[in-house]
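Novice: predicted coordinates and the sequence they were generated for:
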Amino acid sequence: MFAFRLDPRSGVPTYLQLVDQVRRAVLLGYLREGDRLPTVREVAAAVVVNPNTVAKAYRELERAGLVTPRAGQGTYVSGQVGEVPAAAYARLSHGLRDWLRAARAAGLDREQIGALVTATLDDESRAA
């Protein structure tokens with residue numbers, strides 16, 4: 001079953017962290033169309049948040065077309081975003097791990113690495 005994790009230091013609202021995790025899981029093929037998400041109560045108990053926060057995340061996922069609630073049955077993945085092909089994932093994640101080790105060896109922390117990645121993605125978008 002899919003498990004959520006929260007980073008209280010991220011500065012990202014809890015419900016958006018949950019939304020991002022589901023979106024990322026669908027992108028990477030960990031969740032597929034028809035998979036059932038944990039119930040609101042299960043998620044709230046597991047990550048120790050208010051059930052309303054989880055319900056808000058699930059509503060946001062529904063608005064985005066990624067999940068569909070089924071009365072009395074739960075919430076199911078209903079849509080797909082462009083899933084990363086398995087071969088590309090394996091190859092690219094290996095190279096990315098090497099890059100992350102180099103970034104950590106250079107003394108960068110998680111926040112600095114994230115900022116560098118975001119800035120580089122932004123630069124690439126402007127150049128395209």
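Specialist: It's in.

Novice: what secondary structure does Tyr76 sit in?
Specialist: Following DSSP: H, G, I helix; E, B strand; the rest coil, Tyr76 is assigned to strand.

Novice: touching, it and Thr39? I think so.
Specialist: No: with contact defined as C-beta atoms under 8 Å, Tyr76 does not count as touching Thr39 (11.7 Å). Every C-beta, even on glycine, is put in place using the N, C-alpha and C of the backbone.

Novice: got a list of what the residue lying closest to Val77 once chain neighbours are set aside touches?
Specialist: For Val77, ignoring the flanking residues on the chain, the nearest one in space by C-beta to C-beta, 6 or more residues apart in numbering is Asp35 at 4.6 Å. Contacts for Asp35 (C-beta atoms under 8 Å, 6 or more residues apart in numbering) come out as Phe2, Tyr76, Val77.

Novice: pLDDT score assigned to Asp35?
Specialist: If you check Asp35, the pLDDT there is 94.

Novice: packing partners for the longest helix along the chain?
Specialist: Criterion DSSP state H: the longest helix present in the chain is helix 86-105. Under the contact definition 3 or more C-beta pairs under 8 Å, 6 or more residues apart in numbering; DSSP states H and E, helix 86-105 sits against helix 110-127.

Novice: which residues does Thr39 contact?
Specialist: Thr39 touches Gly74, Thr75, counting by C-beta under 8 Å, 6+ apart.

Novice: please name the nearest non-neighbouring residue to Ala3.
Specialist: Take Ala3 and drop its neighbours on the chain: the residue closest to it by C-beta to C-beta, 6+ apart is Ala46, 6.8 Å away.

Novice: same thing with Leu66?
Specialist: Closest to Leu66 by C-beta to C-beta, 6+ apart is Gly79, at 4.8 Å.

Novice: gap between that neighbour and Ala88?
Specialist: 21 Å (C-beta to C-beta, to the nearest Å).

Novice: so these two - more neighbours on which side?
Specialist: Gly79 (13 against 9; other C-beta atoms under 10 Å).

Novice: which residue, other than its chain neighbours, is closest to Gln17?
Specialist: Leaving aside its sequence neighbours, Gln17 sits nearest to Leu6 (C-beta to C-beta, 6+ apart; 5.6 Å).

Novice: all set now, cheers.
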